[in-house]
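[1] pasting the sequence and the predicted coordinates here, then a few questions.
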Amino acid sequence: MNTREITVTVNGRTRTVTVDVRRTLADFLREDLGLTGTHLGCEHGVCGACTVVIDGATARSCLQLAVQSDGHEITTVEGLGGPNGELHPVQQALYDSHAFQCGFCTPGFVMTTYGMVAEKAAGRPTPCSRAEIREELSGNICRCSGYQAIVDGVERALAGTEQ
Amino acid sequence: MAGGSAISGLVGARIHRKEDRTILTGAGRYVDDVNERGMLHCHFLRSTVAHGRITGIDVEAARQLEGVVRVFTGADMSAITEDLSFAQPIPGLHSPSYPAIAHDVVRYVGEPVAMVVAESRYIAEDAAGLIEVEYDVLDVVASTTAGLAEGAPQLFPDVPGNVVHADEQLFGDIEAAFAQADHVVTDRIDQHRWAPVPMECRGGVATFDRATGQLTYEASTQTTHTLRFLLAGWIRHPIHQIRVIANNIGGAFGLKFSIYREDVALCAAAKLLGGPVKWVEDRTEHLVAAGHAREEQLTLEAAVKDDGTLLGLRVTMLLDAGAYPINPPATVYTGIVRTTLPGPYKLPAYQFSHKIVATNKASYISLRGPWAVETLVRERLMDKIAATCGISPVEVRTRNLVTLEDQPTKMITNVTLENVTAAETFARLAELVDLPAVRREQEAARAEGRLLGFGMGTFIEPAPGTPDFWAAVGFPFGAEPARIRIEIDGKVTAFTPQVPHGQSHETTLAQLIGDEMGVGFDDIRVVYGDTDATPFSMIGTGGSRAATMASGAVVYGSRELRRRILDIASHLLEANADDLEIVDGVVSVKGAPGASVPMSQIAMGCWLAPDQMPAGTNTDLEIVATYDGEGGGFSQASHACWIEIDQETGKIEIKRFLVVEDCGKMINPAVVEGQVIGGVAMGIGGMLLEHSAYDEDGQPQSATFLDYLMPSAPEIPEIEIEHLEFESDKVVGSRGVGEGGTVLAPAALLNAVDDALAQVGRGRVTATPLTPSRVLELLGVIEA
């Protein structure tokens, strides 16, 4: 089996591991690190359920190989909450908005929203209107909600972000 | 009310969901998250031809690959399983049985032809790529028309003429109705194939314990108990040794109602190999092989009076069943369409005939309101009748709707209507819409070269339906049980046969129990999805039953346990039980808070020392309660849809969407609104974007999300909702809303499109989906 050693920081913890060169980042996170909060809904980069943050930018973990993350810093949905299980403000905003139903797409939307909030905190342009938020969410598919309550939650999360 | 420490007033409030902390933190346990020690992985090789005879299969190279544990051909699998048979004692139903893995003839692209079990999914897929299958290709039936044609290829020897079932039913004097008619209005629709497409694909993990002989199947399913009993027969394993578990489920929408051949093959393989085996299909397998819905062609002929009054209706329906039957039999779908189609309208005479046709496609399966086409055709017909008679779409409906004053009454299909408020929702919708203003706005837009359309519709949703409704359909109504236990510390555990996957039953059932018993929301846990723990139900979560049926079961159970607690407390407090109340788990005498006893103290006594509890009291704090539905009933809603059509690109933009709905008493408005909005979004996606397309050779054309277009946030409008909440005198006044949005939204949307087309002198929609190119054809911009 063709393998390579990589050093990667996931949710603040740096590890050096040997991975199969053809292993996707999503499978590496889920199977090798046990971080199953990152979900796979299509494995071809459309649905957004596998969204993670790599070096501060959102990315699809199904479209990358684990070896490509060598030397990089990754945040998954498991990395957002507080040490005692407190919800991250983004998670809290979505919770307060009754945003989701079955929960399968949820980690992807949480990470996309987390990315938006980080952009806003960094002073970069972020969506203001509900229509703009909808555009920004167009890379994540939810089959249950009809999106309206998710848009409520994203609005709430962005409103709670200090400029 | 985050966390919800409320002790009463839970029902009717926007209580935050118990489910949400788990799903927001990525902590759920979906099937693909299961990782048992020593777990093996399987992958199915699937047919690449739509119809063919397997003349050879070479699995040697796959077997030799390092890491491969076992390769099953169809013959190998049939040696350890029974063929799947969904045959039912329904007159005239031809329901062919079929093997878990094909070994003779394949009948759709995607049918399993081999199964590889390996140490990893990567290896299993590598090995499947090494298997060589030879097919003798047969002629393909790619449509109902082709299947019914003279000399058509026959899919099954036991389905003569490819007709799975055909029937005609008459209600009232249809000949007289047409003889009296001032107008005969005809209409037709060819609805395309589309699909439930939950974000989580199908899958399961089967674990066999050789020492005990127990098989545990953790599955992504809506129906744990039915999956269990069907599985038992087909893998030849005694049912008491099978446990089916469902934890988090990433959506289902009807798709996970049936058991599938992959479930059977997986469990049989696990039993043979003696260890845990996982199967999770990928998205392409899902889109090609998991099944599709809605492919139906209907024609209608209505006898009407000059003033738009309905006299009679003739309907014919063709249903493209795909190749293989699944659960439920397709006659249930045609039965619900036939029974529901008259809707909330007075209809004196009715004739309905159908043919269910086998084709070389994936199975026709349930999709959120599987009968939806009845509302689509009826509401489009109402608009056409209005146009024919020169009256407005409001007037034609108002003239024919059954009002509360008309009830109780019977539909022409022998279904009792009682407390049905479709007319009231429609009256309120019409009030909110202001049709003359809509027409003025359309005229102004046309003057600017813009094209606006407006459509509306109304309907009733059998959620849960009535016993006579289900008798007319040919499916059991079924009471619903729940088991409830007051624990030794006074907290409550409830066990429901529902298998929620987004419907929020952990929250709504706890709200009901909390209010009924006087126990805090956080002190209640709802257990679901484990056949070792939950009482039996054939349906699980489906048919929008839970709001009435599961609610009723926990309400009745809670009331009986409360009665037992109060009876014991009345002895301890030397007070009449009627003078007691329970607040936050403490029983006290009303108006005398000092005289109290905690439920925890009573519960501990009942569990540990029942003989020391007051004589003559019932100390059993665990019961199974059953709710018969009190005659059941319907939800109802009316929708209005405003669109703009871009006459250059053919794009339909939904400018506004309004829902007036009445599901009776709302347990949790946030949950109701989530169901309604999600349902409407699915209906819009199905009409405008989604298409499980096949070419004339039976090759699927939408095998990824680049071809099967799912609605994303920008395609879905903000949806306005007004609730009516009609109060009935039933103990449980709540009705389901899970499916209605998806049922009615397509009708309002298509009526809006027809309305726009009529303004530019073009004909009506006769086929879906309304993709931009189809809209340009309808506008006459491009050739059909």
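    In hand now; what should we look at? Residues are numbered from 1 along each chain as shown, chains lettered A, B, ... in the order given.
[2] what residue in chain A comes nearest to chain B?
    residue A:37 (1.8 Å; Cβ to the nearest Cβ). Every C-beta, even on glycine, is put in place using the N, C-alpha and C of the backbone.
[3] quick one: residues contacting that residue.
    A:76, A:77, A:78, A:107, B:25, B:26, B:27, B:28 (Cβ atoms under 8 Å, 6 or more residues apart in numbering or on different chains).
[4] tell me which element residue A:27 falls in.
    Element membership of residue A:27 [criterion: DSSP states H and E] is helix A:25-27.
[5] mind listing what's buried in that helix?
    Under the neighbour-count criterion of 16 or more other Cβ atoms under 10 Å in any protein chain shown, helix A:25-27 has A:25, A:26, A:27 buried.
[6] okay, the contacts of residue A:37 in TSV with distance to residue B:503 and secondary structure next?
    Formatted as TSV, the contacts of residue A:37 follow (distance: Cβ to Cβ, whole Å; DSSP: H, G, I helix; E, B strand; the rest coil):
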residue	distance to residue B:503	secondary structure
A:76	27	coil
A:77	23	helix
A:78	26	helix
A:107	20	helix
B:25	21	coil
B:26	21	coil
B:27	20	coil
B:28	15	coil
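[7] quick check: the farthest pair among these?
    Farthest-apart pair in the contacts of residue A:37 is A:76 and B:28; separation 13.8 Å (Cβ to Cβ).
[8] more crowded one of the two?
    residue A:76 (25 against 22; other Cβ atoms under 10 Å in any protein chain shown).
[9] now, which of the contacts of residue A:37 sits nearest residue B:675?
    Closest approach to residue B:675 among these (Cβ to Cβ): residue B:28, at 19.9 Å.
[10] tell me the contacts of that closest one?
    Contacts for residue B:28 (Cβ under 8 Å, 6+ apart) come out as A:37, A:103, B:22, B:247, B:248.
[11] grab the nearest non-local neighbour of it.
    Counting by Cβ to Cβ, 6 or more residues apart in numbering or on different chains, residue B:248 is the residue found nearest to residue B:28 once chain neighbours are left out, at 3.8 Å.
[12] local confidence estimate at the one you found?
    Residue B:248 is assigned 97 on the pLDDT scale.
[13] that's a helix at it, yeah?
    No: the assignment for residue B:248, made by DSSP: H, G, I helix; E, B strand; the rest coil, is coil rather than a helix.
[14] burial check on it, number of neighbours?
    22.
[15] just to revisit the earlier point, identify the farthest-apart pair in the contacts of residue B:28.
    Within those, A:37 and B:247 form the most distant pair, 14.4 Å apart (Cβ to Cβ).
[16] residue A:32 contacts residue A:18, doesn't it?
    No: Residue A:32 is not in contact with residue A:18 according to Cβ atoms under 8 Å; the separation is 9.7 Å.
[17] can you name the residue of the stretch 301-450 of chain B nearest chain A?
    For the stretch 301-450 of chain B, Cβ to the nearest Cβ, closest residue to chain A: residue B:368, 10.0 Å.
[18] tell me the pLDDT at that residue?
    If you check residue B:368, the pLDDT there is 97.
[19] residue contacts, residue A:10?
    Counting by Cβ under 8 Å, 6+ apart, residue A:10 has contacts A:29, A:33, A:35, A:73, A:74, A:75, A:76, A:79.
[20] what bridges to it?
    For residue A:10, the beta-bridge partners are residue A:13, residue A:74 (DSSP bridges).
[21] so it versus residue A:22, what's the distance?
    From residue A:10 across to residue A:22, the span is 20 Å (Cβ to Cβ, to the nearest Å).
[22] let me have the contacts of residue A:37 in JSON lines, extended by distance to residue A:60 and pLDDT.
    JSON lines is the format used below for those (distance: Cβ to Cβ, whole Å; pLDDT from 0 to 100):
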{"residue": "A:76", "distance to residue A:60": "13", "pLDDT": "98"}
{"residue": "A:77", "distance to residue A:60": "14", "pLDDT": "98"}
{"residue": "A:78", "distance to residue A:60": "17", "pLDDT": "97"}
{"residue": "A:107", "distance to residue A:60": "12", "pLDDT": "98"}
{"residue": "B:25", "distance to residue A:60": "20", "pLDDT": "97"}
{"residue": "B:26", "distance to residue A:60": "16", "pLDDT": "96"}
{"residue": "B:27", "distance to residue A:60": "22", "pLDDT": "95"}
{"residue": "B:28", "distance to residue A:60": "20", "pLDDT": "95"}
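[23] which of these lies closest to residue B:771?
    Of all those, residue A:107 has the smallest distance to residue B:771: 31.6 Å, by Cβ to Cβ.
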